[in-house]
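Q: can you look at this prediction? I've put the sequence above it.
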Amino acid sequence: MQAVTLGPAGTYSHRAARAVADDVAFRESVTAIVEAVAGGEYDRGVVPVENSIEGSVTESLDALTEADVAVVREIVTPIRHALLAQAETFEVVASHSQALAQCRDYLEREYPDARREAVASTARGVERAREDPSVAGIGHPANAASDDGGVDLRVLAEDIQDQSSNATRFLVVAGDDERTEAGGKTSVVVYPDANYPGLLLELLEAFADRDVNLSRIESRPSGERLGDYLFHIDFEAGLYEERAQAALGDVEELVGDGWVRVLGSYDTEHVVY
Ligand SMILES: O=C(O)C(=O)C[C@]1(C(=O)O)C=C[C@@H](O)C=C1
């Protein structure tokens with residue numbers, strides 16, 4: 001089995017993807033990962049969707065709405081960032097925007113004058129630090145040593161995330177034909193294409209009436225017009241369960257002119273690396 005995830009090698013996504021496949025390929029955006037799986041290039045894709053400090057990875061949510069893929073598994077991993085550089089002084093801190101945000105307080109406190117530079121991934125930021133002594137990267141501490149003869153970096157500080165409990169949720173996507181009803185959780189995207197008082201309440205009642213717990217609801221702009229939204233809903237029941245089917249049946253009736261996209265049912269795995 002071959003998986004594709006956010007690269008280059010050494011990203012947190014890469015660490016999560018190792019729990020899925022031995023053979024891991026890379027892309028530099030989550031949209032490209034989801035599209036590569038939808039197009040049949042890879043068996044599995046691993047994309048970050050949510051972080052306990054910074055919240056949604058919105059590009060992933062939007063990519064999952066657009067592409068024909070199924071969600072087949074969820075991986076939750078702790079995220080412990082280190083500050084890596086060639087020397088103790090630097091002018092720029094380069095990392096993924098999520099990582100920069102997860103260390104916002106630390107950077108403000110310790111390096112208020114350093115410029116923040118958002119790059120495609122934490123590993124890309126570490127590469128920048130390896131190439132340029134005026135740059136520090138934020139990433140997993142194991143990235144300090146170069147595995148291809150490049151400069152080894154110093155670990156200037158560890159555990160610099162603003163909450164020690166920092167964790168990220170990754171979704172494992174597969175081709176559309178691998179969608180399954182088995183699993184303890186289900187993800188759906190709902191586009192009501194309507195706007196009236198109580199619409200959201202009615203959608204939520206479909207789940208509440210069957211005692212189905214929602215673990216998350218997130219609105220994203222539909223892109224059609226300002227104030228028009230679609231909803232990413234995760235609930236704690238598998239599609240094999242009658243109560244889940246009944247709740248979704250109600251939602252489908254409510255959205256009339258809109259649509260419901262079922263991403264799939266799956267189980268959660270906690271991976272510590
Ligand atoms: O840049 C990486 O290392 C990634 O895998 C991406 C990502 C993210 O998008 O949230 C994954 C986990 C961490 O939250 C920080 C960055």
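A: Everything's here; your move.
Q: skipping adjacent residues, who's closest to residue 72 in space?
A: Sequence neighbours aside, residue 174 is the residue nearest to residue 72 in space, at 4.7 Å (criterion: Cβ to Cβ, 6 or more residues apart in numbering). In this view, the C-beta of every residue, glycine as well, is placed from N, C-alpha and C.
Q: the strand or helix carrying that neighbour: which residues count as buried?
A: For residue 174, the element it lies in under DSSP states H and E is strand 167-175. By 16 or more other Cβ atoms under 10 Å, the buried positions in strand 167-175 come out as 167-175.
Q: adjacent strands (with direction) for it?
A: Under the criterion DSSP bridges, strand 167-175 sits next to strand 44-51 (antiparallel), strand 69-78 (antiparallel) in its sheet.
Q: how would you label the residue nearest to residue 257 when sequence neighbours are not counted: helix, strand or coil?
A: Excluding the flanking residues, the one nearest residue 257 by Cβ to Cβ, 6+ apart is residue 193, at 4.8 Å. Classification of residue 193 by DSSP: H, G, I helix; E, B strand; the rest coil places it in coil.
Q: count the residues that sit near residue 193.
A: For residue 193, the neighbour count with other Cβ atoms under 10 Å is 14.
Q: how about residue 70?
A: Other residues within reach of residue 70, judged by other Cβ under 10 Å, total 22.
Q: touching, it and residue 180? I think so.
A: Yes. Assessed by Cβ atoms under 8 Å, residue 70 is found in contact with residue 180 at 7.4 Å.
Q: circling back to that earlier point, pretty sure the residue nearest to residue 72 is touching residue 67, no?
A: No. With contacts counted by Cβ under 8 Å, residue 174 stays clear of residue 67, the gap being 11.6 Å.
Q: so which residues of the protein form helices?
A: Taking DSSP state H as the test, the helices found in the chain are 12-17, 30-38, 58-66, 97-102, 104-110, 122-131, 199-208, 242-254.
Q: now do the buried residues in the longest one.
A: For helix 242-254, burial by neighbour count (16+ other Cβ under 10 Å) applies to 244, 247-248, 250-251, 254.
Q: now stretch 93-102
A: For stretch 93-102, burial by neighbour count (16+ other Cβ under 10 Å) applies to 93-96, 98-102.
Q: spell out which parts of the stretch 151-273 of the chain neighbour the ligand.
A: Within the stretch 151-273 of the chain, the positions near the ligand by Cβ under 6 Å from any ligand atom are residue 168.
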